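>>> Task: produce atomic coordinates for the following.
(chains A and B)
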Amino acid sequence: MTIEKRSSAFEYAPAPESRSIVDIAPSYGLFIDGEFAEAADGKVFKTVSPSTEEVLSEVAQAGQADVDRAVQAARRAFAKWSALPGAERAKYLFRIARIIQERSRELAVLETLDNGKPIKETRDADLPLVAAHFFYYAGWADKLDHAGFGPAPKPLGVAGQVIPWNFPLLMLAWKIAPALATGNTVVLKPAETTPLSALFFADVCRQAGLPKGVVNILPGYGDAGAALVAHPDVNKVAFTGSTAVGKEIARTVAGTHKKLTLELGGKGANIVFDDAPIDQAVEGIVNGIFFNQGQVCCAGSRLLVQESIHDELLDSLKRRLSTLRLGDPLDKNTDIGAINSAEQLARITALAERGEAEGAERWSPACELPSSGYWFAPTLFTNVTQAHTIARDEIFGPVLSVLTFRTPDEAVAKANNTPYGLSAGIWTEKGSRILAVANKLRAGVIWSNTFNKFDPTSPFGGYKESGFGREGGRHGLEAYLDV
Amino acid sequence: MSDKTDKTEPRLSVFKTYKLYVGGKFPRSESGRVYEVTDSKGNWLANVPLSSRKDARDAVVAARKAFGAWSGATAYNRGQILYRVAEMLEGRREQFVREVADAEGLSKAKAAAVVDAAVDRWVWYAGWTDKIAQVVGGGNPVAGPFFNLSSPEPTGVVAVLAPQESSFLGLVSVIAPVIATGNTAVVIASEKSPLPALSLGEVLATSDLPGGVVNVLSGRTAEIAAPLAAHQDVNAIDLAGADEALAKELEIAAADNLKRVLRPQPVDFFATPGIDRMTAFLETKTVWHPTGSLGASGSSY
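Got it, this is the predicted structure:
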C-alpha cells in the first residue's frame, strides 16, 4: 500500500469548533490602570487570523508615552499590592485561575483564531496549563517564607514583561502568575501578531476584581517592548523570544539594578538509540517538532538517530507524517495549523530552501495546503550534517533535520554542539543510559522517553544562549524576589 | 677571621618570584611584562606578572579543559579537596598574615583575623559541596504519570574579578563558591594587592585541586577582564572587583554569549555568606521520565 492510499483511507468529516462562543470586538484599547484606552498618538494595528488572513480586530498600538503611563500606573499600584497579606493576593490569583477555567473554551477558540494553532492544542494544552499555572502560583503567595529565600522575601517592584506569539496566553501566565504571587505589579507587552488573548485576560482581571494598575497590558511592536525594557522605573525585566533580541535586552539592562530573566531560542536534540521503542519514539519525534507547527523554543528540531536504525525509523516516521492532518485550526481533527504570520512563513521557507541548496535531502508527505492563510507542510531533511544551516539555526517551524550517530559519546557531542541549551530528548529502554546521557547534555529540560511535557511545578529554562533564569516551580519565584 | 665578621652580617633573604597560576603550572606572563607591587606605605614588595589578553585566553583554555573532570567529580570528593585547601592554608598561616598585613596595611592581629576567616571560609564551602543540590533541587509533583527531578549543575567556566580591597578574604570568598559546585574559574587578582592571590595559587597546587580548576592572573583588571567578558567560551562572570563604569562595560560585552553576570554589590566578607554566590553560577536541569503503570507484562509508557 502506498503512503498516499493509506492516508486517503482515513478521510474524516470536518468537525469544526464553533467560533460563536467568542465575541471579538472590532477594536481594543491598551489596558492601563484598570481602563481600556487609546494610544497617546492614536496609532492602531490590525490583528489577523493566520489561517484565513481575515482581520479579527483593530488594536491600539502602544508607544513610549503609553509605556510611561502604564509603568506609572503599575508603580502607583505597587505599594498597596505588595503590602496585601499574601493570603489575599493568593485569593485574587485563585479567582483568576477559576475564571480562566470557566472561560477556557472561549479563550481556546480565541487563541486558535489569533494564533493559528489547532484547537486540539489550545483546548488540551494551552488553556489547562494557563489555569494550572495561576492555581499553582496562587498557593505560593502566602508561603514565600518557606520557599528557601529567607524570611519575608521582598518583591522587586514593577515587572516589565515581553512575551512571544507562539503560546500567547500561556506565556502571559508564566510571566504574570509568579510576578503577582510575589507582590510585584506588571506591565506586559504581548506580541504584535497575537494581542487578543492578553486583552481578554484584562477582562478576566476585571472580573476577578483585581485592583487597578496591578496588571497593565500594552499591545504593540518591538519599539514598545524596547521602551518598556529600558524604562528607568522598571525593576524587573522578563523576556521570552529570540536570542538576538534577548542579547539586545541584556545590553540594555547592563549597569542598572534591573533583575533580568531570559527564555530564548533552542535547537533541541532528540536522540534515539537503537534499543528505543520505535513506535513510541516516532510519536515523540512528531510531537517534538510538529507540536504548534514547530514554533516552539524547546522543539526537538534535530533528530539524532543511531545509524543502525536510521532506515527503519525514517520509514515509520514518514508513514506517521503522512497521516497528519493539516488545515482549519478550528477543526478538532486538525494536527497541523497555520504558521503564525507571513513573516514567519517567509523565514521558514527561506531556511528550508537553504537546506536544499546546501545539499540536504528534503521530504514532505503529500499534503494539500489551503489557498489562503500562512501554511507550511511538515518537512524533514535527511543527509544533514552539523555544518548545515538547518542543523544550526533555529527554524521555528515544522522542519526536522535528521542526523545520525554511532556511539553514545558521539550523540552527546553532537547534541551539545550548539550555542543553545534549552531542551533535549532521549529514547532508549536502558535506564542507566538515560541517566548517563541526561547527565552529560547541556540543556535545561531533558525529556526521556517523552517530549514536550510542561507543568507549573516543573522549572523550565535554558543553558548557554537559550537564556537564564527558570520559570515554573519554586525556582520560578526567584526571578521576582529581591534575593 | 673573616668567618667571624660574616656571622654579624644579617642573612640575605631569598625573594620569591611571584608567578601566575594557570593550568596547574606557574608561568610568567607570555608578554614578559611585570609591574611593581608595593605595600600600603609604598615600599617595594615584588615585581609581578602584568598579564596580557593572551594570558587570559590561555587561562580560559585551561579552565575549560579542567571543567569536565571537576564538574564530574563527586560532590564528596570536591568537598574533601576544598577542605584540604583549608588544611594547607592553615599550615602557611604566618606567610599569609604577613602578606595580608603588607597588602592591606593591617596590624598583625587584624591580618591574622583575616587569614583565619579565610581558612574558615574554605571549610564552610567544603561542607556545601554535597548539600547544595538538596537545598536548591528536588522532585517536582507534576500533574501526570511522570518522574520529574530538578538538579543544579555548574554553569561552566566562570571569570572572577576578585575584590580590589579585600585582597585575600574577599578573594577566597569569591573563588570558593564558584568551584564548590563544580565550575572552573579564571580569577583576576586585586590589581594593587595581588600577592596573597598569587600565593594562594601555591596553596591550591598542593591541595589535590586538579590543575586548571582555578587559574590566577595578576595585572590590570580592566585589561584582562575585557577579553574574558567577551570570550565565547566563558559562561559567566563575577564582577566583584569592577567599579561601576567597568562593570557596565563588561556586562554589555558579556551579553554577546549571554554570560551569567553577578553584578558588584557591597559585601561584608567577615559575615557568614549566603548561598547566592553559589546559585549565581548554577543551572537547573530538569529531567522527565514516564512512570507508566504496572500492567500484566510489567511497566509500560
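>>> make it CA atoms for all contacts and neighbour counts henceforth
Noted.
>>> For residue B:201, give me its contacts.
Residues counted as contacts of residue B:201 (Cα atoms under 8 Å, 6 or more residues apart in numbering or on different chains) are B:20, B:21, B:214, B:215, B:216.
>>> got a winner among these for most neighbours?
residue B:214 (31 neighbours; other Cα atoms under 10 Å in any protein chain shown).
>>> Find the nearest non-adjacent residue to it, please.
residue B:185 (4.9 Å; Cα to Cα, 6 or more residues apart in numbering or on different chains).
>>> Torsion angles phi and psi at that neighbour?
Residue B:185 has phi and psi values of phi -130, psi 140 when expressed as degrees, to the nearest 10.
>>> List, one by one, the residues from the stretch 151-300 of chain B near chain A.
Contact residues (Cα under 8 Å from any Cα of the partner chain) of the stretch 151-300 of chain B with chain A: B:155, B:235, B:244-245, B:247-249, B:251-253, B:255-260, B:276, B:283-290.
>>> do that again at 6 Å, thanks
B:248, B:251, B:252, B:255, B:257, B:258, B:285, B:286, B:287, B:288, B:289 (Cα under 6 Å from any Cα of the partner chain).
>>> Does the closest residue to residue A:341 other than its chain neighbours lie in a helix or a strand, and which?
Distances taken as Cα to Cα, 6+ apart place residue A:50 nearest to residue A:341, at 6.0 Å, with adjacent residues excluded. Residue A:50 is part of no helix or strand, with elements assigned from DSSP states H and E.
>>> ok, now residue A:404?
strand A:399-405.
>>> now the strands for the stretch 251-400 of chain A?
Secondary structure of the stretch 251-400 of chain A (DSSP state E, counting those that start in this stretch): strands at A:259-263, A:269-272, A:302-306, A:361-363, A:379-382, A:399-405.
>>> most surrounded residue in the residues of the stretch 151-300 of chain B next to chain A?
residue B:251 leads those on contacts (other Cα under 10 Å) with 29 neighbours.
>>> Restricted to helices, list the residues of the stretch 151-300 of chain B next to chain A.
Among those, the members falling in helices (DSSP state H) are B:248, B:251, B:252.
>>> Check which residues of stretch A:212-221 are buried.
By neighbour count with 16 or more other Cα atoms under 10 Å in any protein chain shown, stretch A:212-221 contains the buried residues A:212, A:213, A:214, A:215, A:216, A:217, A:218, A:219, A:220, A:221.
>>> Any chance of CSV for these, columns secondary structure?
CSV is the format used below for those (DSSP: H, G, I helix; E, B strand; the rest coil):
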residue, secondary structure
A:212, coil
A:213, coil
A:214, coil
A:215, strand
A:216, strand
A:217, strand
A:218, coil
A:219, coil
A:220, coil
A:221, coil
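>>> Would you mind giving these as a markdown table with distance to residue A:185 and pLDDT added?
Below are the buried residues of stretch A:212-221 laid out as a markdown table (distance: Cα to Cα, whole Å; pLDDT from 0 to 100):
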| residue | distance to residue A:185 | pLDDT |
| --- | --- | --- |
| A:212 | 10 | 98 |
| A:213 | 7 | 98 |
| A:214 | 5 | 98 |
| A:215 | 6 | 98 |
| A:216 | 8 | 98 |
| A:217 | 11 | 98 |
| A:218 | 14 | 98 |
| A:219 | 17 | 98 |
| A:220 | 19 | 98 |
| A:221 | 21 | 98 |
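>>> Mind picking the one among the residues you listed that's closest to chain B?
Chain B lies nearest to residue A:221 out of these, by Cα to the nearest Cα, at 22.7 Å.
>>> Over to the closest residue to that closest one other than its chain neighbours. Which of the three states is it?
In this structure, residue A:221 finds its nearest non-sequential neighbour in residue A:192, 5.4 Å apart by Cα to Cα, 6+ apart. Counting by three-state DSSP, the backbone at residue A:192 sits in coil.
>>> Tabulate the ones in helices among the residues of the stretch 151-300 of chain B next to chain A in JSON lines, adding columns for pLDDT.
Converted to JSON lines, those look like this (pLDDT from 0 to 100):
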{"residue": "B:248", "pLDDT": "98"}
{"residue": "B:251", "pLDDT": "98"}
{"residue": "B:252", "pLDDT": "98"}
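>>> how about the residues of the stretch 1-150 of chain B near chain A?
B:140, B:142.
>>> how about the one helix or strand residue A:128 maps to: buried residues?
Residue A:128 belongs to helix A:127-140 when assigned by DSSP H and E. By 16+ other Cα under 10 Å, the buried positions in helix A:127-140 come out as A:127-140.
>>> Also stretch A:74-83?
Per 16+ other Cα under 10 Å, stretch A:74-83 contains these buried residues: A:74, A:75, A:76, A:77, A:78, A:81, A:82.
>>> The last one touches residue A:183, doesn't it?
Right, the one you point to is residue A:82. Yes. Applying Cα atoms under 6 Å as the test, residue A:82 and residue A:183 come out as touching, 4.3 Å apart.
>>> where's the residue most central in space within chain B relative to chain A, distance?
By Cα atoms, centre = their mean, chain B has its centre lying nearest to residue B:175, at 2.5 Å. Separation of residue B:175 from chain A (Cα to the nearest Cα, to the nearest Å): 21 Å.
>>> now swap in residue B:30 and tell me
30 Å.
>>> who does the helix or strand residue A:201 falls within touch, helix- and strand-wise?
Element membership of residue A:201, judged by DSSP H and E, is helix A:196-208. For helix A:196-208, there is no helix or strand it packs on, judged by 3 or more Cα pairs under 6 Å, 6 or more residues apart in numbering or on different chains; DSSP states H and E.
>>> try it again with 10 Å
Contacts defined by 3 or more Cα pairs under 10 Å, 6 or more residues apart in numbering or on different chains; DSSP states H and E place helix A:196-208 against strand A:27-28, strand A:30-32, strand A:35-37, strand A:55-60, helix A:86-102, helix A:104-115, helix A:168-181, strand A:215-217.
>>> Need the winner for burial among those.
Among the helices and strands packed on helix A:196-208, strand A:215-217 has the highest mean neighbour count (mean count of other Cα atoms under 10 Å in any protein chain shown), at a mean of 28.
>>> Chain B contacts on the stretch 301-450 of chain A?
A:419-420, A:422-426, A:434-435, A:438-450 (Cα under 10 Å from any Cα of the partner chain).
>>> OK, contacts around the residue most central in space within chain A?
Centroid-nearest residue in chain A: residue A:167, 4.1 Å away (criterion: Cα atoms, centre = their mean). Residues near residue A:167 by Cα atoms under 10 Å, 6 or more residues apart in numbering or on different chains: A:111, A:115, A:117, A:122, A:126, A:127, A:130, A:173, A:194, A:292, A:295, A:296.
>>> contact partners of stretch B:32-40?
B:18-19, B:28, B:43-52, B:99-106, B:191-195, B:218-220.
>>> Filter these down to the buried ones and hand me the ChimeraX line.
In ChimeraX, this line selects whichever of those come out buried by 16+ other Cα under 10 Å:
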select /B:18,19,28,45,46,47,48,49,50,51,52,99,100,101,102,103,104,106,191,192,193,194,195,218,219,220
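>>> Am I right that the residue nearest to residue B:214 is in contact with residue B:156?
Yes. With contact defined as Cα atoms under 10 Å, residue B:185 reaches residue B:156; the gap is 8.5 Å.
>>> Cool, thanks, signing off.
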